[in-house]
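Peer 1: Sequence first, predicted model second:
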Amino acid sequence: MLYLTALQEGLLYGLLALGVYISLRVLDIPDLTTEGSFGFGSALAAVLAAGGHTYLSLPIAFLGGMAAGLITGLLQTKLQVHPVLAGIITMSGLYSVNLIVRGGPNLSIGAANLFKQFYKALHLTGDQRKVAGALLALAICLVVTLLLIVFFKTHVGLCIRATGDNQDMVRASSINVDATLILGLCISNGLIGLAGALVTHYVGYSDTSTSNGTLIYGLAAVIIGEALFGRIFHNFALKLLAVSLGAIIYYIVIQLVLT
């Protein structure tokens, strides 16, 4: 059952890994906004859930992450700030914003926990909850991954992918490079904000340490996924799947070592 917990955590952080993959591999941008947008999504979800808006907290956290990505994108494209510095500026600013949103260093969501409500609705107890939690996390991860696959096959999604491959070619094709970069960063950080919200529901609270190390988690998942499945998974859809698998493997290995 310990590995079911690791599986559930890996699936939830798989969304974080997908966000990191989009900025790092698709856009070819080392975006350091991650910890800020993850914490912002976590803070927004905690405040809304504590106020009784359990389900509304998820889309709002996604939009909050997108707002963080928008700021980073505007700093890069309109003010010509270096991508690394732009991410650091947004991340640092969000540290104070998250404290203001939560109204303090931590905030518990109590009975408004998404997973607890799911267990209660199905009348689950004991180990049944761990199995159901892992299945719920799997369903969420699969739905988000499928939506990403569909989006990146659209014209806009292909433009974002092309921007990461060759900006000069995209610019020569009369495509607004700044707009595609900003949209890509918004989607990336939106996923990270959503991951922050889901992790907050999973642990039952949000605090200043919630986002610590999340960038490392995301990078580790991307690297593990590419190392193990890179030569097998060649198309874009399978690469997204590989990143999620990398996150799962990462957390299972951590649980194995701790055990």
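Peer 2: In hand now; what should we look at? Numbering: from 1, shown residues only.
Peer 1: Run through the chain and note the low-pLDDT ranges.
Peer 2: Residues of the chain meeting the criterion pLDDT under 70: 1-2.
Peer 1: Please report the residue range of the longest helix in it.
Peer 2: Using DSSP state H, we find that the single longest helix of the chain is helix 177-203.
Peer 1: State the next helix or strand along the chain beyond it.
Peer 2: strand 205-207 (DSSP states H and E).
Peer 1: The stretch 101-250 of the chain: strands as residue ranges?
Peer 2: Secondary structure of the stretch 101-250 of the chain by DSSP state E, counting those that start in this stretch: the strands cover 106-108, 205-207.
Peer 1: If you count contacts, what does the last one end up packed against?
Peer 2: Think strand 205-207. Contacts defined by 3 or more CB pairs under 8 Å, 6 or more residues apart in numbering; DSSP states H and E place strand 205-207 against helix 34-50, strand 106-108. For the C-beta atoms, the positions are set from N, CA and C on the backbone; glycine is no exception.
Peer 1: among those, which is the most enclosed?
Peer 2: Among the helices and strands packed on strand 205-207, helix 34-50 has the highest mean neighbour count (mean count of other CB atoms under 10 Å), at a mean of 29.
Peer 1: Quick one, which of the strands of the stretch 101-250 of the chain gets closest to G39.
Peer 2: Among the strands of the stretch 101-250 of the chain, the nearest to G39 by CB to CB is strand 205-207 (7.9 Å).
Peer 1: Can you show me the helices along the chain?
Peer 2: 2-21, 34-50, 57-77, 83-102, 114-122, 127-151, 155-165, 167-172, 177-203, 214-229, 236-258.
Peer 1: Nearest to D28, out of the ones you listed?
Peer 2: Ranking the helices of the chain by distance to D28, with CB to CB as the measure, places helix 155-165 first at 4.6 Å.
Peer 1: List the contacts of H201.
Peer 2: A45, A49, T54, S57, I109, N113, L114, F115 (CB atoms under 8 Å, 6 or more residues apart in numbering).
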